[in-house]
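A.B. asks: Provided below for reference: sequence and predicted model.
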Amino acid sequence: MVGKTALVFGATGISGIAAIEALLNDSSYSRIIAISRRPVERECVEHIPIDLIHSTPAEIADALDAGGADSSTHVFFYAYIDSKNTDEQNAVNNQLFERSIEGVSMACTRLSHFHLQTGYKYYMPAFTAEKFPPLPFREDAERQSHVRDFFYYYQEDKLKEVSERCGWKWSVSRPCAITGFSKGNWMSVAVTMALYIFACREFGEHLHFPGPLLCYSMDYDNSTASNNAEFQLHCAEHANNQAFNIHDGQPYQFNTLWPKVAGYFGMEVPSPPAEDLQVKEGEFLKVAFSVQNWANKHREDFPALVHKYNLDPHTFEYANWSSIEILAGLPFPTIASLEAARSIGWTKSIDTYADGYKECFDKMRECNLLPKMHQLPKICIPPNTSFKEAYIDGNVLFLSKQQHIDLSMINHHHIITRCVDELFVLLYLHNERRLKLIQSFTKKSLNCRCILHIKTVSEDDARWLLKKMMKWFHLSNVDYRRVCAYGMAGEYNNVLLSDQVDQTSKFSLESKSMSQVTCNASMSTLSLQSRSSISTIASVGSISTHSPTNIPYKRSKSDSTSQPRHPNLVCFSGQKSLHQERSIASLSDNVKPPFLRSISSPNQQELDRCRSVAL
């Protein structure tokens, strides 16, 4: 059976790139042809460069025919030209689409479906809230008759006309603000947001939310490009001459999204994020902090950041600073119904931050628009801070500069599969203050100065976090009396705990499944808790351990003493507590963990070897 051939207009934009990726993952398409000025950097994707603005429909048809696109069965249209002048924007995009679809009608005789992407601006072309259709927006909402020559209206009408004439099926998708990434394309507000927050971090500035408090808690839809693309392929098979709204599934609010985005870079969100007294009302926006003015002030500082981290020289040229003001300053909700999409079998919903913004930020790192994780400097807690809470995705943690706790993976073949719970680090200071830890893992008051809340959402973050947890944080001019660290993570097997702090240090680790723990330390208390079982505990030197569970020791047949011969081999079960002093020196090779079997006695060389294996 001959596979389908996809023809993608605007293939190097945010939506076009996402469509290419979705098509590459769909085995029913045997050919993918990209129409764009620059080629798509993906194998198995053919490229036809066509100047859609200055070419006639006949010239476009000839180029398609010469490039072998005459056999195309499906068209996905994302081409768009921006202009600050509304009349020019309408005129150029009307012309762009008309010439393209007429050229397709001449060349592509096997075409069966034409998909066009427009957007929520269909419902609010003039951004005048009082003239919007009722919420949530529905596809059959009346057009705004006072808006002349709006290109979304014209393109849909032209699509219906040509499709009826040629016998194609058609579909239209209407996403909201699109989150995605395409290097060299400034249309994604997520890219600009990342550069703004990253620069604020480097300049040591507070992170200001651009909009007012009104917008900070308002509901907005978001449309992640990858999710849009999957839906558009779904439309190509299941839609029959119909328009559809598409978004991530649930609206978001900046009061939850903004801290997560800031936390990716280890930044904090000031509270409140904006003062209404600062709000300046524009034609349709309310701007409390102008990111554009901020960028103008720092324009000469950006090259130093590029040089410092050896980033792409054009990094900050990809930013559209005013786009953040538009996204964060809309004083009205943007919510649309997904009933039409659900009616054709679309059931997917995604997480706006984890699947949208964070994916975009990760791709920016891959493309050298942001520093790699290990390049970012450690963040210091100001010594006068009494309480802090931060959301951090595998980026930074905090400890005294004179104390070091290193939690790492021993065996990379048993890497953590997913870290889904929350991990907390509690720093106890000499001048203790009683603060209530409001997180769900405990209700009792704790004497703590700082509380850091780190939540990992991906395997890569979890892997990095477990390797670097509690390592080299600096807190100047603070005298610690003790350090307590509490961790909760997903499934993992081999963990190395190494410590160079004083005898008053305390470490507590809880895991869903933990089978092997090695402690290179002399700590007063090591508390290990597992929701399933811990099969092996081994310590180099002396360590006192405590578990809330009963520990039956495995003994040799000749062992008749009350003390276990191999006290470091431990299986957890039951509910009783037991405290024991343990030493690895008494372990024979047949019961030592594989990575410690060459150790006959603890010494610094062997400790260093274990640490090097872990890291």
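C.D. replies: It's in. Keep in mind the model is a prediction, meaning the values are calculated, not measured. Numbering: from 1, shown residues only.
A.B. asks: Report the buried residues of the helix or strand containing residue 198.
C.D. replies: According to DSSP states H and E, residue 198 maps onto helix 189-203. For helix 189-203, a neighbour-count test (16 or more other CB atoms under 10 Å) marks 189-202 as buried. All C-beta atoms are positioned from the backbone trio N, CA, C, and that covers glycine.
A.B. asks: Closest one of these to residue 227?
C.D. replies: residue 190 (13.7 Å; CB to CB).
A.B. asks: Tell me the one of the buried residues of helix 189-203 nearest residue 224?
C.D. replies: Of the buried residues of helix 189-203, the one sitting nearest to residue 224 (CB to CB) turns out to be residue 190, at 9.3 Å.
A.B. asks: pretty sure residue 123 contacts residue 132?
C.D. replies: Yes: at 6.2 Å, residue 123 counts as touching residue 132 under the criterion of CB atoms under 8 Å.
A.B. asks: between those two, who's got more neighbours?
C.D. replies: A count of neighbours by other CB atoms under 10 Å puts residue 123 above the other of residue 123 and residue 132, at 24 against 17.
A.B. asks: what's around the closest residue to that one other than its chain neighbours, how many residues?
C.D. replies: Nearest residue to residue 123, sequence neighbours excluded (CB to CB, 6 or more residues apart in numbering): residue 137, at 4.6 Å. Per other CB under 10 Å, the neighbour tally for residue 137 reads 20.
A.B. asks: wait, doesn't residue 137 sit right on residue 119?
C.D. replies: No: counting by CB under 8 Å, residue 137 does not reach residue 119; the two are 10.8 Å apart.
A.B. asks: ok, back up a step: same question for the helix holding residue 198, mean pLDDT?
C.D. replies: For helix 189-203, mean pLDDT rounds to 93.
A.B. asks: Just list what the helix or strand following that helix packs against, helices and strands only.
C.D. replies: For helix 189-203, the following helix or strand on the C-terminal side (DSSP H and E) is helix 213-216. Packing contacts for helix 213-216, counted by 3 or more CB pairs under 8 Å, 6 or more residues apart in numbering; DSSP states H and E, involve helix 254-264.
A.B. asks: So for the helix it packs on, what gets flagged as buried?
C.D. replies: 254-255, 257-264.
A.B. asks: okay, these in JSON lines with pLDDT and distance to residue 301 next?
C.D. replies: Listed next are those as JSON lines, based on pLDDT from 0 to 100; distance: CB to CB, whole Å:
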{"residue": "254", "pLDDT": "94", "distance to residue 301": "26"}
{"residue": "255", "pLDDT": "91", "distance to residue 301": "30"}
{"residue": "257", "pLDDT": "95", "distance to residue 301": "27"}
{"residue": "258", "pLDDT": "93", "distance to residue 301": "23"}
{"residue": "259", "pLDDT": "90", "distance to residue 301": "25"}
{"residue": "260", "pLDDT": "91", "distance to residue 301": "26"}
{"residue": "261", "pLDDT": "93", "distance to residue 301": "22"}
{"residue": "262", "pLDDT": "89", "distance to residue 301": "20"}
{"residue": "263", "pLDDT": "85", "distance to residue 301": "24"}
{"residue": "264", "pLDDT": "88", "distance to residue 301": "21"}
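A.B. asks: Need the max-distance pair from the residues you listed.
C.D. replies: 255 and 264 (16.5 Å).
A.B. asks: any weak-confidence spans in this protein?
C.D. replies: 1, 127-130, 271-285, 373-615 (pLDDT under 70).
A.B. asks: which helix of it spans the most residues?
C.D. replies: In the chain, with assignment by DSSP state H, the single longest helix is helix 86-107.
A.B. asks: list the buried ones in that one?
C.D. replies: 89-90, 92-94, 96-97, 99-107.
A.B. asks: May I have it as PDB, with CA atoms only?
C.D. replies: Below are the C-alpha coordinates for helix 86-107, written out as PDB (Å, rounded to 0.1, in the frame of the first residue of the first chain):
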ATOM      1  CA  THR A  86      -2.900  45.700  10.600                       C
ATOM      2  CA  ASP A  87      -3.900  46.500   7.100                       C
ATOM      3  CA  GLU A  88      -0.500  45.300   5.700                       C
ATOM      4  CA  GLN A  89      -0.700  42.100   7.800                       C
ATOM      5  CA  ASN A  90      -4.200  41.300   6.400                       C
ATOM      6  CA  ALA A  91      -3.200  42.100   2.800                       C
ATOM      7  CA  VAL A  92       0.100  40.100   2.800                       C
ATOM      8  CA  ASN A  93      -1.400  37.000   4.500                       C
ATOM      9  CA  ASN A  94      -4.500  37.000   2.300                       C
ATOM     10  CA  GLN A  95      -2.200  37.100  -0.800                       C
ATOM     11  CA  LEU A  96       0.100  34.500   0.600                       C
ATOM     12  CA  PHE A  97      -2.700  32.000   1.200                       C
ATOM     13  CA  GLU A  98      -4.600  32.700  -2.000                       C
ATOM     14  CA  ARG A  99      -1.500  32.100  -4.200                       C
ATOM     15  CA  SER A 100      -0.500  29.000  -2.300                       C
ATOM     16  CA  ILE A 101      -3.900  27.200  -2.300                       C
ATOM     17  CA  GLU A 102      -4.500  28.100  -6.000                       C
ATOM     18  CA  GLY A 103      -1.000  26.700  -6.800                       C
ATOM     19  CA  VAL A 104      -1.800  23.500  -4.900                       C
ATOM     20  CA  SER A 105      -5.100  23.200  -6.800                       C
ATOM     21  CA  MET A 106      -3.200  23.200 -10.100                       C
ATOM     22  CA  ALA A 107      -0.400  20.800  -9.100                       C
END
